[in-house]
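> Okay, sequence plus prediction incoming.
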Amino acid sequence: MAAAPFVTRVAVLSGVALLMTVGVYGLVAGIVKLDDLGLLLRRGEGASGFARFRRSLGGGILSAAPWLMRFLSVAGTVAMFLVGGGILVHGLPPLHHLAERLAAAGGLLGSLGPALVGTLAGILAGGLAVLVVNLGSRLVRKRA
């Protein structure tokens with residue numbers, strides 16, 4: 001009898017995971033094709049008010065797409081530092097305890113402190129990785 005709730009939970013969780021995956025990849029596909037949509041709307045023909053509106057909308061999409069891509073690249077980079085740093089913080093007890101103490105402080109520090117610790121850890125780890133890769137590539141070039 002206890003197996004039915006477990007199966008139901010797994011089915012619901014799997015369904016939510018599937019919907020989230022399709023939704024996220026669908027959103028990404030839409031963003032990638034945004035300029036194509038803008039171009040299609042911009043090239044529309046006709047003299048009606050709706051046709052002019054479509055062309056104007058297409059031009060607006062074409063103008064906004066590069067700005068959106070720049071914003072997403074910066075936001076994505078920050079998010080990767082935050083997530084990667086958070087993973088590192090959980091694996092390093094002194095930083096993990098610092099983040100917990102900041103969270104326990106409450107207020108603005110309690111809200112932003114742990115994220116800041118994770119972000120700084122991510123930036124430091126990312127900088128270290130870039131340094132190691134650059135030094136390694138220089139060594140490989142010198143030997144070749």
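Arrived safely.
> From here on, just use CA atoms for contacts and neighbour counts.
Will do.
> Show the contacting residues for the residue nearest the centre of the chain.
By C-alpha atoms, centre = their mean, the chain has its centre lying nearest to residue 76, at 4.0 Å. By C-alpha atoms under 8 Å, 6 or more residues apart in numbering, the contact list for residue 76 is empty.
> Equivalent analysis for residue 57, please.
Neighbours of residue 57 in contact, by C-alpha under 8 Å, 6+ apart: 38, 41-42.
> Likewise for residue 54?
41-42, 44.
> Mind telling me what element residue 87 is part of?
helix 49-91 (DSSP states H and E).
> and that helix, average pLDDT?
Across helix 49-91, the average pLDDT comes to 94.
> Equivalent analysis for stretch 111-128, please.
Mean per-residue pLDDT for stretch 111-128: 94.
> list the buried ones in that stretch?
The neighbour-count check on stretch 111-128 (16 or more other C-alpha atoms under 10 Å) flags 113-123, 125-126 as buried.
> same check, this time on stretch 89-108
89, 95-96, 99, 102-103.
> same question, stretch 66-84
80-84.
> roughly how far out does that stretch sit from the chain middle?
On the basis of C-alpha atoms, centre = their mean, to the nearest Å, stretch 66-84 is displaced by 6 Å from the centre of the chain it belongs to.
> same check, this time on stretch 48-66
For stretch 48-66, the separation from the chain centroid amounts to 27 Å (computed by C-alpha atoms, centre = their mean).
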